[in-house]
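K.L.:
Provide a 3D model corresponding to the input given below.
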Amino acid sequence: MLVYSSRGGMLIRLSCESRPEPLLLLLGKNCQVKTVLSVVRAHITNNQQCALALVQNSDDTILDENSRLLNHYTESNVLKIRTISSSQSPVQNHVSPIHTRRREIDSAFCLGFANDVVWLNNVDCSELLVATNFSRVYRGTIDGGKAVAIKILKSEKAHCGQMEIAILNAVRSEHVVDFFGVYIDSDASPALVFEYASQGTVFSKLSDTACVVTIQDVLTWFRQVMKALRMLHCLSIVHRDVKTENLLLDAGGMIRLCDFGMAHYEWNAPIDSYVGTYHYMSPEVIEGGKFTSSADIYASAIVLWEMCNRFYTGKYTRPYKNIKTDICNGYQLMVLVVKKVLRPTMPDNISEELQCLLQEMWQESPVKRPNCCDVLKELER
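P.N.:
Alright, predicted model coming up:
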């Protein structure tokens, strides 16, 4: 838990199973997370008397505002650790050698997020489930048996996980994937640990020709998607990457919204075009406008179209793939979405109610789109 940070460093409260009381870590501004994990944890077990660990880089100084804390502790209660500078060659520490890893983590990722993040041990990865430009997701176990999904961020993308963790800590919903905590893997890459959804994604269900999808499945799944987004939007959180690949199904067949890597609080969401997946991008997002909850509604309309099209046609089709036009790439598609108001073609025999709902949700003006509560009311009729 981050107590405070300043120009001189950070004060962290670290809970340890082997200690009855939390340990305070006073870190110099140049200290690295590997130091905290490999040095402090290695020595506090054998030093139960220490209440404060003072960790400084060899070319680091801690400002007076932080060092005043030392006045509250006796010499025997302070564990002093001096680490090597990243610009120096590996040498011995005053306490013990530190294994120097090639890839280092920005301490802001691991220590600057929301309070009460759970640090996990005994995490084992097994099967690779998916790999992206930002991360790799594995199936694994914690505590020797509980099945989990493990999202390992690439080192150069570690900073992207800070907002994701902050949001996941703030969100608790039966339709949002459960977040268990964080650990650092053997390559010094940060990893997020989630519940494992045994039935895979909605995308895998829709694209599996052997899977029977009923209209009741479509309506039930989409209601649950709307309930998940309603909870997020009530907290002023926008997901920014709603798509069928990010809708998990747990053992009971319940929707679990996942992948909050692009999520943000709406009031300070960055203005950047092409955020998300282009099939699901709203016109205002394509044009570089502010991403609001209305853009999540637009993306959800594309999700609903995928589900409906699968039910009414009996086969899965990617959005826009059934349109008879020469679309060579995503950029051309986005131009047509904005300039020609292009939308996926309605499947034959779709009900009038669903057709009207889709048209309302993906209309061009974001202020005219319904919110989650409006959509849920329509689905209950």
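K.L.:
Just checking: what are the partner strands of the helix or strand in which Ile150 is found?
P.N.:
Taking DSSP states H and E as the criterion, Ile150 maps to strand 146-153. Note on strand 146-153: by DSSP bridges, its sheet partners are strand 135-142 (antiparallel), strand 190-195 (antiparallel).
K.L.:
Can you give me the buried ones in that strand?
P.N.:
Taking 16 or more other C-beta atoms under 10 Å as the basis for neighbour counts, the residues of strand 146-153 that come out buried are Val148, Ala149, Ile150, Lys151, Ile152, Leu153. C-betas here are computed from N, CA, C, even on glycine.
K.L.:
would a markdown table of these with pLDDT be doable?
P.N.:
Compiled in a markdown table, the buried residues of strand 146-153 are given as follows (pLDDT from 0 to 100):
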| residue | pLDDT |
| --- | --- |
| Val148 | 95 |
| Ala149 | 95 |
| Ile150 | 94 |
| Lys151 | 93 |
| Ile152 | 90 |
| Leu153 | 86 |
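K.L.:
Show me this structure divided up by domain.
P.N.:
Following automatic domain parsing, the chain resolves into domains at 2-100, 123-195, 202-380.
K.L.:
Mean confidence (pLDDT) on the first one, please.
P.N.:
Confidence for domain 2-100, expressed as mean pLDDT, is 48.
K.L.:
State the distance from the closest residue in space to Met281 that isn't next to it in sequence to Gly288.
P.N.:
Closest residue to Met281 in three dimensions, ignoring its sequence neighbours and counting by C-beta to C-beta, 6 or more residues apart in numbering: Met334, at 6.4 Å. For Met334, the distance to Gly288 (C-beta to C-beta, to the nearest Å) stands at 11 Å.
K.L.:
and these two? which has more neighbours close in?
P.N.:
For Met334 versus Gly288, neighbours defined as other C-beta atoms under 10 Å are more numerous around Met334 (21 against 12).
K.L.:
In terms of secondary structure, what does the helix or strand encompassing the more buried one contact?
P.N.:
Here Met334 sits within helix 330-339, counting by DSSP H and E. Packing contacts for helix 330-339, counted by 3 or more C-beta pairs under 8 Å, 6 or more residues apart in numbering; DSSP states H and E, involve helix 283-286.
K.L.:
now the strands for the stretch 251-381 of the chain?
P.N.:
If DSSP state E, counting those that start in this stretch is used as the criterion, the strands of the stretch 251-381 of the chain fall at 255-257, 264-265.
K.L.:
These: which one's closest to Val123?
P.N.:
When these are ranked by distance to Val123, counting by C-beta to C-beta, first place goes to strand 255-257 at 20.0 Å.
K.L.:
contact partners of that closest one?
P.N.:
Contact with strand 255-257 is made by 175-178, 195, 197, 202, 221, 224-225, 228-229, 232, 239, 242, 246-250, as judged by C-beta atoms under 8 Å, 6 or more residues apart in numbering.
K.L.:
before we move on, what about stretch 259-268?
P.N.:
Contacts made with stretch 259-268 from outside it, assessed by C-beta under 8 Å, 6+ apart, are listed as 134-135, 160-161, 163-164, 167-168, 232-233, 236-241, 245-246, 270, 275-276, 291-293.
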